[in-house]
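[1] Pasting the sequence and the predicted coordinates here, then a few questions.
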Amino acid sequence: MGTLVASRAPLGRQLRSELRWIVRRPRTVIGLSALCLVPVLAGIGLWFAVDGDGAAGPGLAAIVSGNGLVLPIFTLFLALPLLLPLVGAIWAADGLAGESQHGTLRGLLISPVGRLRLLAIKSFGVATMTLFAVTLIAFVGAIVGAVLFGGQGLLTLSGNTLPFLDALGRILLTIVLVTIQVWGVAAIALAISACTEHPLVVMAATMAGVIVSGVLGLFSALDWLQPYLITSGWNGLIDVMRDPLPTEQLWNSTALAGCYILIGLSLAAMRLATKDS
Amino acid sequence: MTTSTSARAESADAGDAPVLAARTRGLRKVYGHTVAVDRVDLEVPQGAVLGMLGPNGSGKTTTIRMLLGLVRPTEGEVELLGKALPDGAAAALPHVGALVEGPGFHPFLSGRENLRRVAAFEPLLATGSIKQAVEDALERVGLASAAHRRYRGYSLGMKQRLGLAAALLVERKLIVLDEPTNGLDPAGTREVRNVIADLRNGSTTVVVSSHLLSEIEATCTHVAVLHRGTVVAQGGLTELLQAESSALLVVTPEWLEALNVLRDGRISARATDDGLRVELIGTTPPAVLETLVKAGIPVWEARRQRTGLEELFARLTEAEETDEGLSAVDTIEEKA
């Protein structure tokens, strides 16, 4: 039996299988559909606010009129504090804790798939799905915005209007930046997911962390903590709406999210390596 | 993938020692303050069907999980198909199929989809042959007609069959089945038995744990009895039972007297509900009867006792309940 050599299933096949498995989940389909509603609702709300003769009146109307491409960015900022971390946490929770709960993690490990490789596959699944979710919101937002308000350009916070192509660039930039932030949260969620077999615990712990982090960011006495809180960087992302583009805050918050990704994945790898299943 | 014939050729080269499909040495697992498994030296000869017997909580599943690299032993070594774990896992595990702690599948996927997902992670399956392998496995366990249904709606027996199908996706060298007949009806149990027989004929080594003694007796060539986290007996089924069957059952009304007579003759015996059980160690039935009759003991009936696995199991696990150190003679005094 000395002839047995180490063999692994092709990585591409495993990644495809992982994505297929996530997409086939009813909650994935429902979750993504619900996310599509966010830009639609935001757009309709804005439209009524502009259309009515209410207090928002001419000021707001001037901002959005002809500036439909504001909507995707606006909606992403709306979804970033809670909705996007939640979907990231759900996929991370199902990835390890959920598999463990159904007894399917055992099967994968016996196949065998190396534990580090398993984490890589799971991370890929969560990362791809969050990127898709963010892009989906932006895409639906852009269409709704263009239909309701016209999509010629993007009025920046600096007062000027960016032409169509530049506006598109800003939307793509926002997609990338927001996705990286969600990855930071999801990586921590994966680490929690590696420690338990209850997906609900993962979701609850992750969301509690996001909320507490947000609350801590409100106290000026805790200013020294700000640079380490991932949520504190989220406010700075509004810089994508300025012209010319100030990059310092964007870099800082992206670097911070990168640290969260690194820490989260390292913790998950450490836990998985010695985990009894 | 090496074929079983080439593996056999190698086993012939190996010479004197029997080639083992799996082996554990000094295996110990401690969870917190609980010792789940201790000093387990298990040997699974290649080509054997080894039945792991033991009461609930005797360490069967923990041992199996360590055998498959799912759980890290606190102490001890595991060798699987000649490869030491955990380093050799990538080489050994593709040739190992397992059903551990009940079937584990996703409720929202159909039986077929679930198996395809398992198959995608099987190193020995070429991508092009996955579909066929899945259909074959479904056919083999009799699930072909229910393959399109969601796993959520499966009965316990169907779930168990799907778990078995996952273990059979690839032609394996070793198959480990933890309580494979749980939840199966008699027909299903018989089918599992047939599958195991097929595997044995195909020279696949099988480790099957069960609490159903008759099942083990019907399908296994080797037995390992676990009790309180350790192996209390192991070996070939026939050898173990033969060693146990050397007893004579003597029915007499004066059994207390008879016990004393036998003890003076240095023959070990103990009282049972059916009569005196005389161990034929260093003695023969005629000698036993001669001793009794010469002492004036009325012997009503004497017959050779054939031990079943059930009795062996009961004796092994109950002996531990009292004390390991008790000799047969001590047991007699206790009863008398």
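    That came in fine, so what should we check first?

[2] Once you drop chain neighbours, what's closest to A:Ala191?
    The shortest distance from A:Ala191 to any residue other than its chain neighbours is 3.9 Å, reached at A:Leu267 (CB to CB, 6 or more residues apart in numbering or on different chains). Yep, even glycine has a C-beta here, placed from its N, CA and C like the rest.

[3] likewise A:Val144?
    Among residues not flanking A:Val144 along the chain, A:Gly43 sits closest, at 4.0 Å (CB to CB, 6+ apart).

[4] For the strand or helix carrying that neighbour, buried residues please.
    Per DSSP states H and E: A:Gly43 is located in helix A:26-51. By neighbour count on 16 or more other CB atoms under 10 Å in any protein chain shown, the buried set for helix A:26-51 is A:28, A:31-32, A:35-36, A:38-40, A:42-43, A:46-47, A:50.

[5] follow-up on the earlier one: contact partners for the residue nearest to A:Val144?
    A:71, A:141, A:144-145, A:148-149 (CB atoms under 8 Å, 6 or more residues apart in numbering or on different chains).

[6] Closest one of the residues you listed to chain B?
    Proximity of the contacts of A:Gly43 to chain B (CB to the nearest CB) peaks at A:Gly141, which lies at 29.7 Å.

[7] Pull the contacting residues for the closest one.
    So A:Gly141 contacts A:39, A:42-43, A:71-76 (CB under 8 Å, 6+ apart).

[8] helix or strand for it, which one?
    Using DSSP H and E, A:Gly141 maps to helix A:115-149.

[9] What residues sit buried inside that helix?
    A:115, A:117-123, A:125-138, A:140-146, A:148-149.

[10] ok, the residue nearest to B:Leu93 when sequence neighbours are not counted - contacts?
    Of all residues not flanking B:Leu93 in the chain, A:Pro112 sits nearest, at 3.9 Å (CB to CB, 6+ apart). By CB under 8 Å, 6+ apart, the residues touching A:Pro112 are B:69, B:89-90, B:93-94, B:123.

[11] hang on, the earlier thing: give me the distance between the residue nearest to A:Val144 and A:Gly66.
    14 Å (CB to CB, to the nearest Å).

[12] swap in A:Ser266?
    As defined by CB to CB, A:Ser266 lies at a distance of 47 Å from A:Gly66.

[13] Show me which of these two is the more surrounded one.
    Taking neighbours as other CB atoms under 10 Å in any protein chain shown, A:Ser266 and A:Gly66 compare with A:Gly66 leading, 16 against 12.

[14] Does B:Leu249 touch B:Val299 like I think?
    No: B:Leu249 is beyond contact range of B:Val299, at 11.1 Å (criterion: CB atoms under 8 Å).

[15] what are the ranges of the strands in the stretch 101-250 of chain B?
    For the stretch 101-250 of chain B, the strands defined by DSSP state E, counting those that start in this stretch occupy B:174-178, B:205-210, B:222-227, B:230-236, B:247-251.

[16] Residue most distant from the centroid, chain B?
    B:Gly296 (45.3 Å; CA atoms, centre = their mean).

[17] In contact with the closest residue to chain B within chain A: list those residues for me.
    Nearest to chain B, among the residues of chain A, is A:Gly103, at 2.4 Å (CB to the nearest CB). A:Gly103 makes contact with B:101-105 under the criterion CB under 8 Å, 6+ apart.

[18] Most neighbours among these, please name it.
    B:Pro103 (27 neighbours).

[19] May I have the phi/psi pair for that one?
    The phi/psi pair for B:Pro103 (degrees, to the nearest 10) reads phi -70, psi 140.

[20] so what's the closest residue to it other than its chain neighbours up against?
    Once flanking residues are discounted, B:Pro103 sits nearest to B:Gly163: 2.9 Å by CB to CB, 6+ apart. Listed by CB under 8 Å, 6+ apart, the contact set of B:Gly163 reads B:99, B:102-105, B:180.

[21] how much space between B:Gly236 and B:Val208?
    Look at B:Gly236 and B:Val208: by CB to CB, they are 15 Å apart.

[22] Show me which of these two is the more surrounded one.
    Under the criterion of other CB under 10 Å, the comparison of B:Gly236 against B:Val208 puts B:Val208 first, with 26 against 16.

[23] and B:Gly111, what does it touch?
    Listed by CB under 8 Å, 6+ apart, the contact set of B:Gly111 reads B:105, B:138, B:143, B:146-149, B:151, B:154, B:158, B:162, B:165.

[24] What about these, which are in helices?
    Among those, the members falling in helices (DSSP state H) are B:138, B:158, B:162, B:165.

[25] Could you list which of those residues also contact chain A?
    When these are checked against chain A using CB under 8 Å from any CB of the partner chain, none falls in range.

[26] next helix or strand past the helix or strand hosting A:Leu190?
    Per DSSP H and E: A:Leu190 is located in helix A:164-193. Counting by DSSP H and E, the element after helix A:164-193 in chain order, helix or strand, is helix A:199-216.

[27] which bits of chain A sit near chain B?
    By CB under 8 Å from any CB, the residues of chain A that approach chain B are A:1-10, A:13-14, A:16-17, A:20-21, A:24-26, A:102-114, A:274, A:276-277.

[28] Restricted to helices, list those residues.
    Using DSSP H, the residues of chain A next to chain B in helices are A:13-14, A:16-17, A:20-21, A:24, A:26, A:102, A:104-110, A:274.

[29] Now do the contacts for the residue of the stretch 51-200 of chain B found nearest chain A.
    Using CB to the nearest CB, the single residue of the stretch 51-200 of chain B nearest to chain A is B:Gly104, 2.4 Å away. By CB under 8 Å, 6+ apart, the contact set of B:Gly104 is A:102-107, B:163.
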